[in-house]
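Undergrad: Turn this into a model:
(one chain, ligands or ions: 1)
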Amino acid sequence: MSFSALGLAPGLLRAVAAQGYTLPTPVQREAIPHVLAGRDLMAGAQTGTGKTAAFVLPMLQRLAASERPGQRRIRALILAPTRELALQVEESVRVYGANSRRSTTIYGGVGFVGQVNALRRNPEIVVATPGRLLDHARQRTIDLSGVEILVLDEADRMLDMGFIRDIRAILALLPAKRQNLLFSATFSNEIRNLAQGLLTAPASVQVTPPNTPIALVRQLVHPVDRHRKRELLSHLVRTHAIEQALVFTRTKHGANKLAEQLWEDGIATAAIHGNKSQPQRIRALADFKAGRVTLLIATEVAARGLDIESLPHVVNYELPMVANDYVHRIGRTGRAGLEGDAISLVCVDEGPMLRDIERLLGSSIPTEVVPGFEPDPSIRPEPIRLRTGGGGGGRMPHRQAARPSPMAQKRPRRFGDRASRPGHAARAGIGNRSGRWTALPGERTRR
Ligand code: AMP
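TA: Residues are numbered from 1 along each chain as shown. Modelled structure (predicted):
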């Protein structure tokens, strides 16, 4: 389905084409017609799904359609958990709206006066974090009584950050008659409560995996120091906590190095990654299936499409940079009604990644320290460097921006391309940034 089939106006279609988007993403396909029809919406979609355009495009169209000359009120309010997200969303508003609408951002940690001045210039669209917006409301430097469309973006994160009271206070300042759009990656009871009080007969769209992705997989985190991971893995094999497992590393170099070290520990190991020839991969897989190899070390990409049934264990030797990939990885076990274990060896550097994964899952993963491998509390987190050593599995570090190259801007973009945020550095939070669109377990909408 094309963008034009969604009912978007020619100006917006031009803006979308100028971004190089050829097809709408699942959340765009599902949400845009509902929003254009004026309905409230509850959307399960995480960062990386194209959710921003899913609300910004139809919002711009509705604002343009009901414009009255001389109107000088804030007509659309978008609440976002962080300053970074607020800035990115406003950038999307400007890019998709070809700067035709006055917009501003309001967030904490910066001067108040500049924002007061911006508000005096009568923006039509305000993108704000809840705390600072409420400060403005209390100081009467903002008037929200003309808001026609409210968007809560990343509502689960806003609640995680303790914004629920601020959000409720803001809702009380808005006119009762308005359109409400709620976007959240996960749906806790708290989110459902909020949605119940906020949304009227909402359309619902779900493109994220359900909160519990793979019920049959037992998930466990073993905290361990970064330099003791290999020792711990050997220990788990020797003590038969792991009989046979698919082990994930982030890079090809990491996979090779680990395989060599494990051989030295006396554990039969094979590595598969993009630098291995097809016959090498087939042999490694055959050895693994025949039980001649105890640990099969793989990078993310190499593991996709591996045909291995009833795998009892998956080990995340390193957590993936992209939370979705965790779900894909652990989906290798617990298949066909069999139980499986997904064990993650997590060092102090990987805390943010673990939090992203747990946010995506909507629950925390049980943690168990293996006796003798207690983490040293004096070790400080270090940034994760992706030593590609040949490039395997190289992803952008979390929350680190990568600027699109001028070339990347020119070619048509497929959804999921890296660094494809309109005119802006792409974020690398949770989401699909791997240059492909892959269905998640339980996903309702698929390409
Ligand atoms: P979001 O989920 O809103 O953070 O968007 C993720 C990324 O996808 C952003 O960099 C967008 O520019 C990009 N994007 C959004 N819609 C599309 C599309 N239909 N085709 C290709 N890329 C898209």
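
Undergrad: Tell me what the nearest residue to V369 once chain neighbours are set aside is bridged to.
TA: Among residues not flanking V369 along the chain, P223 sits closest, at 5.8 Å (Cβ to Cβ, 6 or more residues apart in numbering). Heads up, the C-betas are built off the backbone N, CA and C, glycines and all. On the basis of DSSP bridges, P223 is bridged to V346.

Undergrad: In contact with P223, which residues are there?
TA: When contacts are counted by Cβ atoms under 8 Å, 6 or more residues apart in numbering, P223 touches V346, C347, T367, V369, P375.

Undergrad: which one of those residues has the most neighbours?
TA: Of all the contacts of P223, V346 has the most neighbours under the rule other Cβ atoms under 10 Å, reaching 23 neighbours.

Undergrad: Check which helices and strands the helix or strand hosting V315 sits against.
TA: Using DSSP states H and E, V315 sits in strand 313-316. Applying 3 or more Cβ pairs under 8 Å, 6 or more residues apart in numbering; DSSP states H and E, one finds that strand 313-316 contacts strand 245-249, helix 323-330, strand 340-346.

Undergrad: Can you name the residues in contact with it?
TA: In contact with strand 313-316 (Cβ under 8 Å, 6+ apart) are residues 233, 236, 242-248, 295, 326, 329-330, 332-333, 340-346.

Undergrad: what about P81, neighbour count?
TA: 20.

Undergrad: Just give the closest residue to it, not the sequence neighbours.
TA: R157 (4.0 Å).

Undergrad: Might one say that the one you found is in contact with R359?
TA: Yes. With contact defined as Cβ atoms under 8 Å, R157 counts as touching R359 (7.3 Å).

Undergrad: Would you mind listing the residues touching both of these two?
TA: Looking at what touches both R157 and R359 (by Cβ under 8 Å, 6+ apart), the common residues are A185.

Undergrad: related to what we said a few turns ago, any chance of the contacts of P223 in a markdown table, with distance to the ligand too?
TA: Output for the contacts of P223, formatted as a markdown table (distance: Cβ to the nearest ligand atom, whole Å):
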| residue | distance to the ligand |
| --- | --- |
| V346 | 26 |
| C347 | 28 |
| T367 | 30 |
| V369 | 36 |
| P375 | 33 |
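
Undergrad: Which one of these is nearest to L258?
TA: C347 (14.2 Å; Cβ to Cβ).

Undergrad: what's near enough to touch the closest one?
TA: By Cβ under 8 Å, 6+ apart, the neighbours of C347 are P223, V224, D225, R226, K229, P375.

Undergrad: check contacts around the third one.
TA: What it means is D225. C347, V348, F373, P375, D376, I379.

Undergrad: let's go with 10 Å and repeat that
TA: E231, L232, L345, C347, V348, F373, E374, P375, D376, I379 (Cβ atoms under 10 Å, 6 or more residues apart in numbering).

Undergrad: Also the second one?
TA: With contacts defined as Cβ under 10 Å, 6+ apart, the neighbours of V224 are 230-233, 235, 344-348, 369-370, 373-376.

Undergrad: Alright, calling it a day.
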